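> Provided below for reference: sequence and predicted model.
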Amino acid sequence: MPLKILHTADVHLGAKFLGLGRKGEYQRAQLLQAFDDTVNLAIRERVDLVLIAGDLFDSASVSRSLLGRVAYRFHDLAAVGIPVVVSPGTHDPYGERSIWRAAEFAEMDNLTVFKSEEMLPARFPELDCVVYGNANVKPFANKYPLAGLDAADQSRWRLGMLHASFEIPDVVDDTYVVTPAQIAASGLDYIALGHYHSLSDKSAGDVTAFYPGSPDMVRVQKGDFGNVLLVEIDETTVKVQPVRIGKRSYEELTIKAEDAGAAGLAAMIESRADMEKVLHIVIEGARRPGYPDMEEVVAPLADSFFHISLTDRSWAAPSTLEPVAYPEGSPARIYLQALQDMIGGASESEKDEITDAMQIGLAMLLGGDAPCD
């Protein structure tokens, strides 16, 4: 029989979501629902192991009721014989005041929590399986915990799990780090990674390794979040199946101010309406006279989304395109004069295009400091 695993990470139960205002409470509840749905999926699929690769909790400061709810669901897994293995992350690290030392988790027969920076084995003889894992223990003394791992265990299935960054050239991270070479040399069948909130495949050599991403939205930003992974390992293959758990989605909509009119903007936003979507609108470019107040455009549509945020990076278009309005020899004057010379022999449509170029180009050239109304 193959080995069947459910792999999740970065749930961040108890996250505050202050940037979502009154919707923050709803998203905290949704994270808990995503956790419940993950447990239900593990029971329904009759998995052999549940691997939680860090940051199940957003911090150690969570309510007793939340701890009790998580412990209750761990007991549900125990009732059907499913072990839970945890690699504490950067938000819920292991230490003297670790949340994983709470009374709610004490003496839980089906719960294994790694407690050391060193990659140590946890054996499950009934599954003929070993899981090598570690814990985030601040400060990080062992930068590369996967380096030099000797997984020469005689178990049929050999797994690894850790909460760590993936090595990116010239990027310094204050967490543990794994590299493609370390993954390839590990000798493991599967490595369950955590720390990144977006689904990604980090397999190398003959070793399969994945970040599942967060099972629902944790940060208001782009990413392939909303999944957990069902992993099935047999003698020849490792099959990784993302399963959608999350409800929320995120979209960033960039609008050029020079192309904007109130009716067109409203229609563009309304066409993306979705009660589960977080929409982030970014305004760029030059605001011409009569440019609509974006807050007034967005406000009537707010109830069509889970949340809307607005970032305005635009600048006011200059009120005059006369070259003489700018200092002799300045880039602005030279630029405008060159385009004005082109207008003389241009068709009417070409004149409109040149005028647009004068407006937009001058505003960009002056960085928003052009004379304006």
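Cool, got the structure. Numbers count the residues shown, from 1 in each chain.
> Quick check: mean pLDDT of the longest strand anywhere in the chain?
Secondary structure of the chain read by DSSP state E shows that its longest strand is strand 274-284. For strand 274-284, mean pLDDT rounds to 93.
> so what strands line up beside the next helix-or-strand element following that strand?
Along the chain past strand 274-284, the next helix or strand (assigned with DSSP states H and E) turns out to be strand 286-287. Applying DSSP bridges, strand 286-287 is found paired with strand 315-316 (parallel).
> which element follows the strand it pairs with toward the C-terminus?
For strand 315-316, the following helix or strand on the C-terminal side (DSSP H and E) is helix 331-343.
> now residue 176, nearest residue through space, not along the chain?
residue 164 (3.8 Å; Cβ to Cβ, 6 or more residues apart in numbering). Heads up, the C-betas are built off the backbone N, CA and C, glycines and all.
> Report how many residues lie close to the one you found.
Per other Cβ atoms under 10 Å, the neighbour tally for residue 164 reads 30.
> That one contacts residue 196, correct?
No: judged on Cβ atoms under 8 Å, residue 164 makes no contact with residue 196 at a distance of 9.5 Å.
> one step back: give the other helices and strands that the longest strand of the chain contacts.
strand 249-256, helix 294-298, strand 305-312 (3 or more Cβ pairs under 8 Å, 6 or more residues apart in numbering; DSSP states H and E).
> just those: most buried one?
strand 305-312 (a mean of 18; mean count of other Cβ atoms under 10 Å).
> Can you list the strands that that one pairs with?
By DSSP bridges, strand 305-312 pairs with strand 274-284 (parallel).
> re the thing from before, what residues sit buried inside the longest strand of the chain?
Neighbour-count burial for strand 274-284, counted by 16 or more other Cβ atoms under 10 Å, picks out 277, 278, 279, 280, 281, 283.
> swap in stretch 22-33?
27, 28, 30, 31, 32.
> Stretch 80-99 now?
Counting neighbours by 16+ other Cβ under 10 Å, stretch 80-99 gives 82-94, 98-99 as buried.
> Widest-spaced pair of those?
82 and 90 (25.9 Å; Cβ to Cβ).
> what residue is smack in the middle of this protein?
Note on the chain: the residue nearest the mean C-alpha position is residue 197, at 3.6 Å, using Cα atoms, centre = their mean.
> That one: what secondary structure?
Taking DSSP: H, G, I helix; E, B strand; the rest coil as the rule, one finds residue 197 in the coil state.
> Next one: the nearest residue to it once chain neighbours are set aside relative to residue 198, how far apart?
Using Cβ to Cβ, 6+ apart and skipping the chain neighbours, the partner closest in space to residue 197 is residue 214 (4.4 Å). Distance check for residue 214 against residue 198: by Cβ to Cβ, to the nearest Å, it reads 8 Å.
> cool, and residue 8?
14 Å.
> of these two, who's got more company?
More crowded of residue 8 and residue 198, by other Cβ under 10 Å: residue 8, with 28 against 17.
> OK, contacts around that one?
38, 50, 51, 52, 53, 212, 215, 228, 229 (Cβ atoms under 8 Å, 6 or more residues apart in numbering).
> hang on, residue 153 in a strand?
No: membership of residue 153 in a strand is not supported by three-state DSSP, which gives coil.
> Which residue comes closest to residue 185 once chain neighbours are left out?
Among residues not flanking residue 185 along the chain, residue 205 sits closest, at 7.3 Å (Cβ to Cβ, 6+ apart).
> pLDDT value on the one you found, please?
pLDDT at residue 205 comes out at 95.
> tell me the mean pLDDT over the helix ranked longest in the chain?
Secondary structure of the chain per DSSP state H: the longest helix is helix 24-45. Average pLDDT, helix 24-45: 97.
> how far out from the middle of the chain is that helix?
17 Å (Cα atoms, centre = their mean, to the nearest Å).
> If you count contacts, what does it end up packed against?
Where contact means 3+ Cβ pairs under 8 Å, 6+ apart, helix 24-45 is packed against strand 3-8, helix 64-79, strand 227-233.
> Which one of these lies nearest to residue 252?
It is, among those and with distance given as Cβ to Cβ, strand 227-233, at 19.9 Å.
> still on that earlier bit, quick check, nearest of the buried residues of stretch 22-33 to residue 287?
residue 27 (32.8 Å).
> Find the nearest non-adjacent residue to that closest one, please.
Here the residue nearest residue 27, using Cβ to Cβ, 6+ apart, is residue 17, at 4.8 Å.
> Report how many residues lie close to the one you found.
21.
> How much space separates the residue nearest to residue 36 when sequence neighbours are not counted from residue 40?
Computed as Cβ to Cβ, 6+ apart, the closest residue to residue 36 that is not its neighbour in sequence is residue 73, at 6.7 Å. Counting by Cβ to Cβ, the gap between residue 73 and residue 40 amounts to 9 Å.
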